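[1] fold the following, please.
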Amino acid sequence: MLEGCKTAQERWGGVHVIIDRWLEQRRQWVETCVYLRERGEFTPTDTVKIQFLCEMLVDYVSAGHFTVYEQLALEAKEFKDDSAAVLLSELLPLIDSSTQIAIEFNDKYDTKEHCNAQLEALPFALQALSLVMMERFQFEDQLIKELHEAHSEKNA
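    You can find the predicted model right below:
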């Protein structure tokens, strides 16, 4: 995606844009999740909002795995930053475990039928997912700080 950029500023500026978009996805997911959690009890009419939350969750998790982490790894390699590469290898398994939980949540609530079948359990499932995702966000923030922001400073 960014391999064709001619200068380091173009390349890492592009990574910055990717990260900014990704963090905006995160913010939107968190806002939607908080809104739904505050609802408490759910009715079958809430299924559209729950499905939307699932879509945002899958999009966010996918962007991390298939775009952001890959670009951060390339950045570490480009800057010959072995400690950043080690950090990435340590944190990715922790992030992967939350990915599995996110996928399981999606599989339970991604359709109207799935939602309606498990509506009563949704408040507890949302609470559990929120906790897992907050931990994931901390790991991801650490990756951004250690891999991208450190390299941005070197590039400046």
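
[2] where do the helices sit along this protein?
    Taking DSSP state H to define them, one finds helices in the chain at 8-39, 47-63, 69-78, 82-109, 112-117, 122-143, 150-155.

[3] so can I have CSV of these showing mean pLDDT and mean neighbour count?
    No exception for glycine: its C-beta is placed from N, CA and C like everyone else's. What follows is the helices of the chain, written out as CSV (pLDDT from 0 to 100; neighbours: other Cβ atoms under 10 Å):
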stretch, mean pLDDT, mean neighbour count
helix 8-39, 80, 15
helix 47-63, 96, 18
helix 69-78, 86, 18
helix 82-109, 94, 15
helix 112-117, 93, 14
helix 122-143, 94, 16
helix 150-155, 53, 14
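
[4] ok, and what's touching stretch 86-95?
    By Cβ atoms under 8 Å, 6 or more residues apart in numbering, the surrounding residues in contact with stretch 86-95 are 64, 69, 72-73, 76, 135-136, 139-140, 142-143, 146-147.

[5] ok, Leu129 to Arg136 distance?
    Per Cβ to Cβ, to the nearest Å, Leu129 is found 10 Å from Arg136.

[6] do the same with Val15
    For Val15, the distance to Arg136 equals 20 Å [Cβ to Cβ].

[7] also Tyr60?
    Distance, Tyr60 to Arg136, using Cβ to Cβ: 10 Å.

[8] for Val86, same thing?
    Relative to Arg136, Val86 is positioned 19 Å away (Cβ to Cβ).
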